[in-house]
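# this one's structure only:
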């Protein structure tokens, strides 16, 4: 785990031979979901050498110990 807050937890993980960052946001209400989906839309457009590109974002339970109603953002 890289960081944790009441709103999200960020993990450093390995995807094949590459390191990646995974941000997990629990969905407690529609406002949280809408807010995070707005962040995803912005992240998809950003291109900067100091910002990791967004590779995927989805809702689901694909990681151990992650709630099924969480949004996952994968950054490489």
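Cool, got the structure. Quick caveat, the model's predicted, so the values are computed rather than measured.

# low pLDDT regions in the chain?
The model of the chain has pLDDT under 70 over residues 60-76.

# ok, 80 please
When residues are selected by pLDDT under 80, those of the chain lie in 7, 15, 25-30, 32-33, 58-76.

# The longest strand seen in the chain pairs with which strands?
With DSSP state E setting the assignment, residue counts place strand 18-26 as the longest strand in the chain. Paired neighbours of strand 18-26 in the sheet (DSSP bridges): strand 9-15 (antiparallel), strand 70-75 (antiparallel).

# Run through who's touching the longest one.
Residues from elsewhere that reach strand 9-15 (Cβ atoms under 8 Å, 6 or more residues apart in numbering): 1-4, 19-24, 74, 76. In short, each C-beta sits where N, CA and C put it, glycine included.

# Would you check which pair of the residues you listed lies furthest apart?
Pairwise distances across the contacts of strand 9-15 peak at 21.0 Å for 4 and 76 (criterion: Cβ to Cβ).

# The one helix or strand residue 34 maps to: what's the following helix or strand?
Residue 34 is located in helix 30-45, with elements delineated by DSSP states H and E. Proceeding C-terminally, helix 30-45 gives way to strand 54-59 as the next helix or strand, assigned by DSSP H and E.

# could you check the angle helix 30-45 makes with that following strand?
Calculated by axes from the mean of the first three to the mean of the last three Cα atoms, to 10 degrees, strand 54-59 forms an angle of 160 degrees with helix 30-45.

# Show me what strand 54-59 pairs with in its sheet, parallel or antiparallel.
Within its sheet, and counting by DSSP bridges, strand 54-59 is paired with strand 70-75 (antiparallel).
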